[in-house]
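*Asks:* Provided below are the primary sequence and the corresponding predicted coordinates.
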Amino acid sequence: MHNRYITGTWLSMVKELENNKVQGVSLNLLFKVVVGNGRAVKFWLDPWVLPEPLLMGFPLLFALEKRKSCLVAKRVGFEGRWDWYRRPRSEAEIKEWRRLCRLLDEVSLNSNTDSWKWRGDEKHGFSVKGMKKLLIKEKDFSDKLIFKWVRWVPKKCNIFVWKAVMDRVPTMVSLQARNCFTGDVNCGMCNMGPESIDHLLCHCHIAIEVWNAVSFWCHTAPIFFFDVKDIVDIHKHVGAGKEKRKILKGIVWTTCWCIWKAKNDRRFNEIEANPVEIIHNIKSLGFLWFKSRSQRKGISWEKWYKFDVC
């Protein structure tokens with residue numbers, strides 16, 4: 001597609017197609033026209049007789065063409081007429097002209113309507129799902145974080161932990177970095193260090209007390225984090241069975257949510273952050289969510305409180 005002849009929103013879409021490539025080929029070149037009557041296909045600008053538009057293969061002739069956006073039907077068949085600024089006369093122009101004539105000798109129009117064909121999957125045709133698979137296939141995710149949601153905790157908890165791991169949570173430090181805040185950036189709970197997501201969930205002394213209490217409640221080795229990314233995999237390293245690890249992962253998510261909520265209560269409602277109260281909220285919310293959202297609906301509060309879940 002020749003960008004000089006496209007404007008506005010369509011230009012942005014064409015640029016996206018050109019910038020994304022599959023096996024070194026721009027996505028826009030994976031669309032090809034199946035020519036019928038030639039009345040909806042641009043002779044120079046659309047890929048119809050070659051995998052790419054003719055302007056790319058015959059740039060000298062394209063420069064001589066008066067009507068750059070002319071249709072195939074105006075250049076091929078009974079209606080076919082050429083409209084040059086001047087006839088091709090240089091050796092290179094004549095060479096291109098002969099090559100184009102040989103190419104067009106194999107073209108014949110018919111009464112069918114012109115249509116587009118997706119070359120990325122000729123068996124099944126175009127679909128958004130197929131396009132997504134094609135693009136993902138080209139990406140290297142070997143160094144990317146794999147984030148699996150916990151089904152029995154609400155979406156808000158999953159989203160919060162996901163955003164926390166990517167450092168997209170509005171802590172004081174991140175707000176200051178975005179020029180959204182110019183005041184005191186110290187932790188809203190302990191007031192003993194800049195409120196980054198790492199400090200809030202991993203290094204704040206109140207958070208550390210909470211994590212120690214959670215590990216004691218769940219009968220695991222002490223839980224601690226160097227940074228927030230450790231949260232995603234901590235359940236794998238606590239020496240528990242498969243089922244218990246799944247439950248513990250949800251409890252870790254719930255703990256993150258309750259710490260965040262306690263910080264907000266301290267900053268906006270002036271409610272003192274109390275580790276004992278946070279632990280109580282973790283157990284209560286965890287029980288409510290686990291009982292109502294998991295397949296273990298028969299679990300009792302007594303068993304949950306003792307973490308007798310397996």
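*Replies:* Nice, thanks for sending it over.
*Asks:* just checking, what packs against the longest helix belonging to the chain?
*Replies:* The longest helix of the chain (DSSP state H) is helix 242-268. Other helices and strands packing on helix 242-268, by 3 or more CB pairs under 8 Å, 6 or more residues apart in numbering; DSSP states H and E, are helix 155-165, helix 205-217, helix 275-293. In this view, the C-beta of every residue, glycine as well, is placed from N, C-alpha and C.
*Asks:* If you count neighbours, what's buried in the following helix or strand past the last one?
*Replies:* Note on helix 275-293: by DSSP states H and E, the next helix or strand toward the C-terminus is helix 301-305. By neighbour count on 16 or more other CB atoms under 10 Å, the buried set for helix 301-305 is residue 304.
*Asks:* Which strands or helices does helix 301-305 pack on?
*Replies:* helix 275-293.
*Asks:* domains for this structure, by residue range?
*Replies:* Here the domain assignment for the chain is 3-138, 155-305, based on automatic domain parsing.
*Asks:* just the ones you listed: most buried one?
*Replies:* Compared across these, domain 155-305 shows the largest average neighbour count, a mean of 17 (mean count of other CB atoms under 10 Å).
*Asks:* Helices along this structure, start to end?
*Replies:* Using DSSP H, the helices of the chain run over residues 8-19, 54-57, 59-64, 91-104, 128-138, 155-165, 172-177, 197-198, 205-217, 242-268, 275-293, 301-305.
*Asks:* Kindly present those helices as a markdown table, with separate columns for distance to residue 29 and mean pLDDT.
*Replies:* What follows is the helices of the chain, written out as a markdown table (distance: least, CB to CB, whole Å; pLDDT from 0 to 100):
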| stretch | distance to residue 29 | mean pLDDT |
| --- | --- | --- |
| helix 8-19 | 9 | 72 |
| helix 54-57 | 9 | 91 |
| helix 59-64 | 17 | 94 |
| helix 91-104 | 17 | 93 |
| helix 128-138 | 13 | 76 |
| helix 155-165 | 35 | 93 |
| helix 172-177 | 40 | 91 |
| helix 197-198 | 43 | 94 |
| helix 205-217 | 53 | 94 |
| helix 242-268 | 44 | 92 |
| helix 275-293 | 47 | 95 |
| helix 301-305 | 58 | 94 |
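*Asks:* Which of those helices sits closest to residue 83?
*Replies:* Closest approach to residue 83 among the helices of the chain (CB to CB): helix 59-64, 9.5 Å.
*Asks:* got the helices and strands packed on helix 242-268 as CSV, with distance to residue 10 columns?
*Replies:* Converted to CSV, the helices and strands packed on helix 242-268 look like this (distance: least, CB to CB, whole Å):
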stretch, distance to residue 10
helix 155-165, 34
helix 205-217, 51
helix 275-293, 45
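*Asks:* quick one: which of the helices of the chain is nearest residue 119?
*Replies:* Of all these, helix 128-138 sits nearest to residue 119, with 10.8 Å by CB to CB.
*Asks:* Only C-alpha atoms, please: export the closest one in CSV.
*Replies:* Only the C-alpha atoms of helix 128-138 are listed here, as CSV (Å, rounded to 0.1, in the frame of the first residue of the first chain):
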residue,chain,number,x,y,z
VAL,A,128,-8.9,-12.7,14.2
LYS,A,129,-8.0,-15.8,16.1
GLY,A,130,-5.8,-17.0,13.2
MET,A,131,-4.2,-13.6,13.0
LYS,A,132,-3.4,-13.6,16.7
LYS,A,133,-1.9,-17.1,16.5
LEU,A,134,0.3,-16.0,13.6
LEU,A,135,1.6,-12.9,15.5
ILE,A,136,2.2,-14.8,18.7
LYS,A,137,4.1,-17.5,16.9
GLU,A,138,6.6,-14.9,15.9
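*Asks:* Give me the helices and strands touching it, please.
*Replies:* By 3+ CB pairs under 8 Å, 6+ apart, helix 128-138 packs against strand 21-22.
*Asks:* and the strand it packs on, average pLDDT?
*Replies:* Strand 21-22 shows a mean pLDDT of 70.
*Asks:* picking up where we left off before, residue 44 is nearest to which of the helices of the chain?
*Replies:* Nearest to residue 44, of all the helices of the chain, is helix 54-57, at 4.5 Å by CB to CB.
*Asks:* what does the closest one contact?
*Replies:* Residues outside helix 54-57 that contact it (CB atoms under 8 Å, 6 or more residues apart in numbering): 2, 43-45, 50, 62, 68, 100.
*Asks:* starting at the chain centroid, how far to it?
*Replies:* When C-alpha coordinates are averaged (CA atoms, centre = their mean, to the nearest Å), helix 54-57 and its chain have centres 34 Å apart.
*Asks:* Could I have the CA atoms of it written out in CSV?
*Replies:* Output of helix 54-57 as CSV, limited to C-alpha atoms (Å, rounded to 0.1, in the frame of the first residue of the first chain):
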residue,chain,number,x,y,z
LEU,A,54,2.8,-3.3,-8.8
LEU,A,55,4.2,0.1,-7.8
MET,A,56,6.9,-1.8,-5.9
GLY,A,57,7.9,-3.9,-8.8
